[in-house]
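Q: quick check, what structure comes out for this input:
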Amino acid sequence: MSLFTFGQNFGSVLSNSATNSDSNELGLVNQEPDEVIELDENEEEENGEDDDSFNELRAKIPRLNSDSNIKDSKANNKENEESEAVEEETCSICLEPWTNSGAHRLVCLKCGHLFGEACIERWIKNVPKCPQCNRQSKRSDIRRIYAKSIKVIDTSELEKALKDLENEKQLRKKSEIEISEFKLRFQLVRDELSILQQRYNTLMEKFNSVGNDHNNTSTQRSILLSDKTNKMNFSQEKMIQLTDNANGGCRVLSFSLKNLALLASQPSNTPMFPGFGIKKINFLDYKLSQYVPIHSKLIRDMSLCSQYNDEILLTCSLDKTIKLTNITSNRPIHSYECPHPIWSCVFNQDNPFYFYAGLANGHVLLFDRRKIDKHVQILNSDMSSFSPVCNLNYVPRSENFAKPGLLVAQLDKIAFYESNESSEDFACHSLLMESNIMSCSIETNTGHVLVSTRPTQKYPTVRHIVYEFLKKNNPETTESCYSLNYIQSYNGSRVQKMLARSRLFCLESQLYASVPCESSKSAIIWDVTNGETCCKLGNQNDILDIYPFGYKDNFYLSTLTEKQLRIFRKN
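A: Below is the predicted model:
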């Protein structure tokens, strides 16, 4: 062999070996490390023979095995996953698996990161920070975790779906409330339209009958007769000065038939013992009896309930408490704390263990006297109005109402919460959307509701409106529907600064309304049937509460101002 041929073959061998080494480094060639490429010493010097030897050497190089590479990549991915799983079960300080007992047991810090107990104790001793989030930590922050094994499950999608579902429920409930309010407004507009149509027809009839003197004379006679039949005579029995406090402080009235005593809220007359309580006035001789201190701030409402041989008084105040008092023995029973000032309260007449409280933020709370810690339910937790609850009236079970409920009056709307005794839930029925509501009372025997509103820009006078509380069956669903059917209205004065209370009462099978008038400082009694005034009971100050009641064969009506109590008897 010539020197030129040997050099050429030796160069090709070196180049092939370099190519093989590069391929091995890239993982593309699986060549045995001991494999040796031999050269034929008898090769000829011709160029054609050199090409053949080059091809033979090239053929000895192994081909790329794509299948084996794919398997290797899958194995590598599996190893990575296993290594990640192992990392989740190992301490991030020593990289050793933690245990469920011993020195290297599983513990965590306040931030939630997991470590071995011995490792994190040594770490915090030198560096008082979490190794992962760098949050300030100390040895007392170490908490042991009692678990055999820990595996993190990704529930982010589930939590997101549940959150979206809850938001969708809230939006749906809100839309249902808005739809019911729009239906109610539409019904009110229809009622107002029918009233205006009736007035228009009445005016047209009078206009057409102006030329007939005979008809005019008969009309005047009928009006005089109606005035005579609607007249009422009351005489003042007693005027009692309850307090001499310059700021007043008297607010609500009630009558205890079992104790034969009028109950009036008033401030304490003793400077050493400030606060507010209930003054008992003996009904037989109109003498002041005991004063029962109850609250530290103004009393907003009270309700009576008879149980066994005693009579229990429920009072609520702006001091965020609602209290039960035995009015027979003048002893306190229990007190409940509320998150906001309480504006109104009422007993459940069907079950005296339950009572309700209306708060200044619009919530209505249900209490159970057998549970002394707090309320048991919020009736209107999903409400859309946060105006204070000015009145609560319990509607007992009767012929007209198979299911009892609660009539809730806020400053801007009135709703009825129907009780479902089987599920202990309440179904809300919107009844009236009105602004500046100051009072709402119900006559349960006849099913009529009296709503009093203060003057507004649309209605410049005080309005006292009587509705009939009706229950209707919805043919589309099995649920009941409730509505207020307009009966009569009475326009009062143009001034009404106080949130005074008005009342409905029945006398000799006739329905009457007693309402306060701030401009004349009197109580006006008017007939609901024709809306005409029957009587005016004068007072020296603005009336805050009116309470009509009967005893034996006589009928009485008491009025309360900020300092005085007056008792009137029907002649």
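Q: who does the nearest residue in space to F568 that is not next to it in sequence bridge with?
A: Closest residue to F568 apart from its sequence neighbours, by C-beta to C-beta, 6 or more residues apart in numbering: F234 at 4.2 Å. The C-beta positions use only the backbone N, C-alpha and C, and glycine is treated the same way. Beta bridges link F234 to K570, judged by DSSP bridges.
Q: likewise P548?
A: L557.
Q: correct me, but it touches C506?
A: No: assessed by C-beta atoms under 8 Å, P548 is found out of contact with C506, at 9.5 Å.
Q: of those two, who's got more company?
A: Shown here are P548 and C506; by other C-beta atoms under 10 Å, P548 has more neighbours (21 against 15).
Q: for the more buried one, what are its contacts?
A: By C-beta atoms under 8 Å, 6 or more residues apart in numbering, the contact set of P548 is R503, F505, S514, F555, Y556, L557, S558.
Q: please repeat the previous calculation with a cut-off of 7 Å.
A: R503, F505, S514, L557 (C-beta atoms under 7 Å, 6 or more residues apart in numbering).
Q: please apply the same query to T456.
A: Counted by C-beta under 7 Å, 6+ apart, T456 has contacts S435, N436.
Q: equivalent analysis for T90, please.
A: Here T90 is in contact with E96, P97, W98 (C-beta under 7 Å, 6+ apart).
Q: again, but for K413
A: S385, S430, L432, M433, E434.
Q: gap between it and N380?
A: For K413, the distance to N380 equals 11 Å [C-beta to C-beta, to the nearest Å].
Q: kindly report the same for K280.
A: Distance from K280 to N380, by C-beta to C-beta: 35 Å.
Q: what is the helix or strand containing L106 packed up against?
A: L106 belongs to strand 106-108 when assigned by DSSP states H and E. With contacts taken as 3 or more C-beta pairs under 7 Å, 6 or more residues apart in numbering; DSSP states H and E, strand 106-108 sits against strand 114-116, strand 143-144.
Q: which is the next helix or strand following the first one?
A: Read that as strand 114-116. Taking DSSP H and E, what comes next after strand 114-116 is helix 117-126.
Q: okay, now the unreliable bits of the stretch 351-500 of the chain?
A: Where the stretch 351-500 of the chain drops to pLDDT under 70, the residues are 382-384, 421-423, 474-478.
Q: and the residue nearest the centre of this structure?
A: Central residue check for the chain by C-alpha atoms, centre = their mean: the C-alpha nearest the mean position is that of S381, 2.0 Å away.
Q: A415 versus that residue, what's the distance?
A: Between S381 and A415 the distance is 14 Å, computed by C-beta to C-beta.
Q: check L257 too.
A: Separation of L257 from A415 (C-beta to C-beta): 31 Å.
Q: okay, these two: which has more neighbours?
A: Comparing L257 with A415 by neighbour count (other C-beta under 10 Å), the higher total belongs to A415, at 26 against 13.
Q: what sits against that one?
A: By C-beta under 7 Å, 6+ apart, A415 lies in contact with V408, C428, H429, S430, L431.
Q: quick revisit: adding distance to Y286, write the contacts of K413 out as JSON lines.
A: Formatted as JSON lines, these follow (distance: C-beta to C-beta, whole Å):
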{"residue": "S385", "distance to Y286": "42"}
{"residue": "S430", "distance to Y286": "44"}
{"residue": "L432", "distance to Y286": "39"}
{"residue": "M433", "distance to Y286": "43"}
{"residue": "E434", "distance to Y286": "38"}
